[in-house]
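>>> I'll drop the sequence and a predicted model, then ask my questions.
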Amino acid sequence: MLTIKNLHARAEGKGILRGVDLEIRKGEVHALMGPNGSGKSTLAQVLAGRDVYEVSQGEVLYDGRNLLEMTPEERAHAGLFMAFQYPVEIPGVSNLYFLRSALNSLRKARGQPELDAMDFLHIAKQKAREFGLDESLLKRSVNQGFSGGEKKRNEVYQMAVLEPRLAILDETDSGLDIDALKIVANGVNALRHPDRAILLITHYQRVLNYVTPDYVHVLYNGRIARSGDKNLALHLEEQGYAWVEGQAPERPQVAGS
Amino acid sequence: MASQTKDLEKLVQQEYKWGWETLVEADTIPPGLNEDVIRVISVKKNEPQWMLEWRLKAYRYWQTIKEPTWANVHYGPIDYQAIAYYSAPRSNQDRPQSLEEVDPEILRTYEKLGIPLREQEQLAGVAVDAVFDSVSVATTFKKKLEEMGIIFCSFSEAVQEHPELVQKWLGSVVPYTDNFFATLNAAVFSDGSFVYIPKGVRCPMELSTYFRINAQNTGQFERTLIVADEGSYVSYLEGCTAPMRDTNQLHAAVVELVALDSAQIRYATVQNWYPGDKEGKGGIYNFVTKRGKCQGKNSKISWTQVETGSAITWKYPGCILQGDNSVGEFYSVALTNNYQQADTGTKMIHIGKNTRSTIISKGISAGHGQNSYRGKVQVLKSARGARNFSQCDSLLIGDKCGAHTFPYLEVRNPTAQVEHEATTSKIGEDQLFYCQQRGIPKEDAITMIINGFCKQVLAELPMEFAVEAQKLLGVSLEGSVG
C-alpha cells in the first residue's frame, strides 16, 4: 500500500530524513519509534504533504501513485489521514461543522453523494459514543479550549468518522494519562481492518501494551536503524536508544543529504 | 511556506462583480461648490426655508474648518470644486408615485444586484428604499407600514410630508458642526432614508436601504435619520455597491439614530462599494459619520457592519448612552485587500447610570491592505456603574498587509468597569494544513476559517444578510478565510 524508498527531506536547509526505506501493506500495523529529533514527525508531515519540508531524494508510492506529487487534500481524498501531534485550534468553527465539511469533501472527491446535516449528526453522535468523545465537544470550536487529552481523543474520533485507508498517528499517545491512553488505543484497535494500514509513531513502548503492532521500526538520525516485531520495542525499553546507536548499521553518506 | 503564501495571494485576487454602469439620463449640477449650488439643490428639492438655512449655516461653517488628517489612511488631496454635488436620474424629476413610473433601467439595475423592488418578488419581511445616485427612487411596503403608523420614506419626502419630525430630530445626534465630512454632508446632502417608529410599535419587517452610486465625478451625500419612539423596535439594513471607475469618488454620508425610553434600534451595514483595482487605482472614499443616541432610559442601539468595499473607509459608528441603563453595541468586520485602507471603529460615550457597551471588532487584512481599529470609550462622571467590554481581533493573510489598533479609554467615574482585549494572528498555515489534511480544499478552508473568525459579528446580522455577508467575505478574499 505504501512504499517509501530512500527518502531524504530537509527543512530550512537542514537534513532531517536521510534515506528512509519502509514498506507498509494492507492490514498491517507498524509502530515507528525513535528518540527526539530522529525525524519521526518529519516523516509523518512529509507523508501528509506539509510543504515546509523539501524532499531532496527518494520516492513514495501510495497504491502505486506518486504520493509526493499529490496536494495534501488529494492525499486525504485517497484515504490518507494523519492524527496531529499538536492538533490545531480553529476558533468559531464548530467541531461538527468542520468534520462534516471534511467528510463531505472526501465523499465529493470520491463521487459519493454528500451527507445532509441530519444524516451526518446521526453518524457523528454514534461514533462519539463508540470512541468515548464527550458529545459537548462536538458543538465547541475545533480544539479550542480542549485539554491535551481531549485534543488527542478528538483526533482519534475524526479518524473514526473519516475511516481512512492509511492512518498515521503522530505521537497521539504523548501526554495522555492511562485512561485516555486506553481510549486512544481502543480507537486504533477498532480501526484495524484487512483493508487498512496504520503507522503508529510513538515515543514510548507504553502504548504498545494496548496496541500490538505487526512491525516495530526504530528511526535514528533520519534512517530506519532497526526493524523487528513487538519484542524490539520491549528490548528498546530496557536498553534505551543508546543501544541502537551502538549497533546502527553502517551506511554510506549520500552527497547532499 | 513561501508557496503557500503565494497561493493565498492568488486566492485573494478576485474581480469586483458589481462594477457595471447603468446608462440613464441624469440631471446633474456642474461641478463646484458655493452658496448658489446649495440654493439650487434646495430649490430642486422644493425645500422649506428652514432647511435651506440649515444647509447654508453648515456650508459657512465648513469653509472655516480643515479636513482631518489624524486617521491612519493616506490619499492625495481632494479637490472639492471638481466634484458635482447633485445628480438625479432625469426620469425621476417628479418623484415616481408608483413602481410603474420608475425608470425600467433603474429597476433592472436593482434586479441585477439581487434587490428586487417589485413587492411580490420581495424577500419575505424586508421593505426596501432604493437610493440611486443619492436620490431615493423607490420605497416598498410603504402602505403596509403606514397602517401601523410607521414612516419609512426618502429623506426628501420626509421634509415635505413630516417637516415637524425632521426639524425636531435633524442634527440632534450629529450636529452640522460635528466634523468636516458631516458638515459638508449637512450643506449638500441630496437624499437618504427617513424612519419613524411610533410608541410601542415593533416594526414587523426588516427595513433596508440599498445605495447604488452610478454617476461619474459625483459626490454621494446621503443622510439617514431613524427615530424610535418609546418602547418601539426596528431593525434596519443598508447595502451599497458602485460601478468600477478609475477615479476616486467621495461618499460622505451621515446616519443619525435616536432611541427614546426602552426603544431598540438594530442597524446593520453591508458595505461593498467598489474598492479600486489591484494596483489601488479608483475606488470609493467612504468617509461616513454614524451615531446613535440612546436618549431614553433602558434604550438600546446595536451597530453591525461588514465593510468589504471602498478604497478608504473612515467611519466610527458610535453610541451616546445618555439614558440610564441604556446599552450600546458595535459589531464589526472590516476586510481590506489589495491597496484598500480602513480606519474604523466606534465611540461609546457613557453618560447615564449603569450604561453598558460592547465592542467586538474583527479586522482582516490581505494583500497590501491596511486595517486600523480606532475606538473610544468615554465614561463621564455621571455614569455610575458603567461597563464596557471591548474585543479587537486582527487576522493577517500574507506578509504585506498590516493591522493596527488604537484604543482610547477615558474613565471619569471610579465605579466603572472597562475591559479591553486585543489579539492579532496570521491565518495559520497550520490551520490551513489541518483542514487540507482532512480533505477540505484550500479555498473552502480559508472561507471556513474566516467565517469562524467573524462568527460573533455575523451572528448579529439578520439571517438572510448573514448568508450574503458570508458569501461576500468569501468572494472578497476568494476563500482566504471563511
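The structure has been received and is ready for your questions.
>>> Show me the helices in the chain, by range?
Because you didn't say which chain, this covers chain A. Under the criterion DSSP state H, helices of chain A are mapped to A:40-48, A:72-77, A:95-109, A:117-130, A:136-139, A:148-162, A:178-191, A:230-239, A:242-247.
>>> actually it's chain B I care about, not the one you picked
Using DSSP H, helices in chain B cover B:2-12, B:35-44, B:49-62, B:104-112, B:142-146, B:155-161, B:163-169, B:180-188, B:429-437, B:442-458, B:463-477.
>>> do you know which of those helices lies nearest B:Trp314?
helix B:180-188 (7.8 Å; CB to CB). Every C-beta, even on glycine, is put in place using the N, C-alpha and C of the backbone.
>>> list the helices and strands the closest one packs on?
For helix B:180-188, the elements it packs on are helix B:35-44, helix B:49-62, strand B:254-259, strand B:283-294, judged by 3 or more CB pairs under 8 Å, 6 or more residues apart in numbering or on different chains; DSSP states H and E.
>>> Show me what residue of chain B gets nearest to chain A.
Of all residues in chain B, B:Gly452 sits closest to chain A, at 3.0 Å by CB to the nearest CB.
>>> OK, now which residue of chain A is nearest to chain B?
Among the residues of chain A, A:Gly92 lies closest to chain B, at 3.0 Å counting by CB to the nearest CB.
>>> And that residue, how close does it get to A:Phe120?
Distance of A:Gly92 to A:Phe120, given as CB to CB, to the nearest Å: 19 Å.
>>> for B:Phe330, same thing?
In terms of CB to CB, B:Phe330 sits 36 Å off from A:Phe120.
>>> Comparing these two, which residue is more hemmed in?
B:Phe330 (28 against 19; other CB atoms under 10 Å in any protein chain shown).
>>> Give me the neighbour count for the residue lying closest to the more buried one once chain neighbours are set aside.
In this structure, B:Phe330 finds its nearest non-sequential neighbour in B:Thr346, 3.9 Å apart by CB to CB, 6 or more residues apart in numbering or on different chains. Residues within reach of B:Thr346, counting by other CB under 10 Å, total 28.
>>> With B:Gln417 instead?
With other CB under 10 Å as criterion, B:Gln417 counts 12.
>>> in the sheet, who's paired with it?
B:Arg387 (DSSP bridges).
>>> thinking again about what came up before, dump the helices of chain B to TSV, plus distance to A:Arg196, mean pLDDT and mean neighbour count.
What follows is those, written out as TSV (distance: least, CB to CB, whole Å; pLDDT from 0 to 100; neighbours: other CB atoms under 10 Å in any protein chain shown):
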stretch	distance to A:Arg196	mean pLDDT	mean neighbour count
helix B:2-12	30	43	16
helix B:35-44	75	91	15
helix B:49-62	74	96	16
helix B:104-112	52	64	16
helix B:142-146	62	82	14
helix B:155-161	68	92	20
helix B:163-169	70	96	15
helix B:180-188	65	95	25
helix B:429-437	17	92	23
helix B:442-458	26	84	24
helix B:463-477	35	67	19
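>>> of all those helices, which lies closest to B:Lys297?
helix B:163-169 (18.5 Å).
>>> What is that closest one packed up against?
Secondary-structure packing of helix B:163-169 (3+ CB pairs under 8 Å, 6+ apart): helix B:155-161, strand B:193-197, strand B:223-228.
>>> Can you list the strands that the last one pairs with?
Think strand B:223-228. Strand B:223-228 is paired, per DSSP bridges, with strand B:193-197 (parallel), strand B:254-259 (parallel).
>>> Same list (those strands) but as TSV, adding mean neighbour count and distance to B:Lys66.
Listed next are those as TSV, based on neighbours: other CB atoms under 10 Å in any protein chain shown; distance: least, CB to CB, whole Å:
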stretch	mean neighbour count	distance to B:Lys66
strand B:193-197	27	30
strand B:254-259	27	19
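>>> Just send the ones you listed back as JSON lines, with distance to B:Ser208 too.
Below are those laid out as JSON lines (distance: least, CB to CB, whole Å):
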{"stretch": "strand B:193-197", "distance to B:Ser208": "9"}
{"stretch": "strand B:254-259", "distance to B:Ser208": "14"}
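>>> Can you verify my assumption that the residue of chain B closest to chain A contacts A:Glu89?
No - using CB atoms under 8 Å, B:Gly452 is not in contact with A:Glu89; the gap is 10.0 Å.
>>> which residues are in contact with both of those two?
A:Ser141 (CB atoms under 8 Å, 6 or more residues apart in numbering or on different chains).
>>> Contact residues of chain A facing chain B?
By CB under 8 Å from any CB of the partner chain, the residues of chain A that approach chain B are A:48-52, A:71-73, A:75-77, A:81-82, A:84, A:87-93, A:97-99, A:101-103, A:105-106, A:109, A:141, A:158, A:162.
>>> Just the buried ones from those residues?
Neighbour-count burial (16 or more other CB atoms under 10 Å in any protein chain shown) applied to the residues of chain A next to chain B gives A:48-51, A:72-73, A:75-77, A:81-82, A:84, A:87-93, A:97-99, A:101-103, A:105-106, A:141, A:158, A:162.
>>> Now distance to B:Tyr86 too, for the helices of chain B, in JSON lines please.
Below are the helices of chain B laid out as JSON lines (distance: least, CB to CB, whole Å):
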{"stretch": "helix B:2-12", "distance to B:Tyr86": "37"}
{"stretch": "helix B:35-44", "distance to B:Tyr86": "5"}
{"stretch": "helix B:49-62", "distance to B:Tyr86": "12"}
{"stretch": "helix B:104-112", "distance to B:Tyr86": "17"}
{"stretch": "helix B:142-146", "distance to B:Tyr86": "25"}
{"stretch": "helix B:155-161", "distance to B:Tyr86": "12"}
{"stretch": "helix B:163-169", "distance to B:Tyr86": "19"}
{"stretch": "helix B:180-188", "distance to B:Tyr86": "7"}
{"stretch": "helix B:429-437", "distance to B:Tyr86": "49"}
{"stretch": "helix B:442-458", "distance to B:Tyr86": "35"}
{"stretch": "helix B:463-477", "distance to B:Tyr86": "30"}
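>>> Quick one: residues in contact with stretch B:426-437.
A:48-50, A:52, A:71-73, A:75-76, A:81-82, A:84, A:87-90, A:98, A:102, B:1, B:4, B:8, B:395-397, B:442, B:444-446, B:448-450, B:480-481.
>>> show me what contacts the nearest residue to B:Phe194 once chain neighbours are set aside?
Once flanking residues are discounted, B:Phe194 sits nearest to B:Ala158: 3.6 Å by CB to CB, 6+ apart. Neighbour list for B:Ala158: B:Ile151, B:Leu165, B:Val166, B:Phe194, B:Leu225 [criterion: CB under 8 Å, 6+ apart].
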